[in-house]
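Here's my sequence, what's the structure:
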Amino acid sequence: MARTYLSGTNSRNNLVTAANSKFCHLRGWNAGVEIRAFVTSDGKDIFNVYMTNGSTGAGSDTLVGAVLDTENGPKWLPNE
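Residues are numbered from 1 along each chain as shown. Predicted coordinates for the structure are as follows:
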């Protein structure tokens, strides 16, 4: 069984999925969001969330926070 899954819809509103995905970039022309998945050495999932400059690719990505797998469920940690 895959540890991570990517689900989305295409332009025809069909469901698209991919197993064992580690990266997703959803973007418009000038803005976007990128998610990068990792597993810690103790087996916890981390999803880093970045703000991007979209399809133009101008500038650098900015880490805005992370979703962490904790004993009490997922937790959002904003980047400070």
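
Now for the residue nearest the centre of the chain: which residues touch it?
Residue closest to the mean C-alpha point of the chain, counted by C-alpha atoms, centre = their mean, is residue 35 at 1.8 Å. Shown in contact with residue 35 (C-beta atoms under 8 Å, 6 or more residues apart in numbering): 23, 24, 25, 47, 48, 49, 50. The C-beta positions use only the backbone N, C-alpha and C, and glycine is treated the same way.

change it to 10 Å
Contact analysis of residue 35 by C-beta atoms under 10 Å, 6 or more residues apart in numbering lists 6, 21-26, 47-50, 66-67.

got it, and residue 70?
By C-beta under 10 Å, 6+ apart, the contact set of residue 70 is 44, 45, 77.

From those residues, which land in strands?
Using DSSP state E, the members of the contacts of residue 70 that fall in strands are 45, 77.

The closest residue to residue 26 other than its chain neighbours and residue 61: what is the separation?
For residue 26, ignoring the flanking residues on the chain, the nearest one in space by C-beta to C-beta, 6 or more residues apart in numbering is residue 33 at 5.5 Å. In this view, residue 33 and residue 61 are 10 Å apart by C-beta to C-beta, to the nearest Å.

quick one: residue 53 and residue 30, what's the gap?
Counting by C-beta to C-beta, the gap from residue 53 to residue 30 is 6 Å.

Those two: which is more packed in?
When residue 53 is set against residue 30 and neighbours are counted by other C-beta atoms under 10 Å, the residue ahead is residue 53, at 16 against 12.

What values do phi and psi take at the nearest residue to the more buried one once chain neighbours are set aside?
Spatial nearest neighbour of residue 53, excluding adjacent residues (C-beta to C-beta, 6+ apart): residue 59 at 4.6 Å. Main-chain torsions, residue 59, degrees, to the nearest 10: phi 80, psi -170.

Then residue 54?
Dihedral angles (degrees, to the nearest 10) for residue 54: phi 70, psi -150.

The protein: strands as residue ranges?
5-9, 15-19, 23-27, 32-39, 45-52, 62-70, 73-78.

Tabulate the ones you listed (TSV), appending mean pLDDT.
TSV is the format used below for the strands of the chain (pLDDT from 0 to 100):
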stretch	mean pLDDT
strand 5-9	87
strand 15-19	88
strand 23-27	92
strand 32-39	94
strand 45-52	96
strand 62-70	96
strand 73-78	97
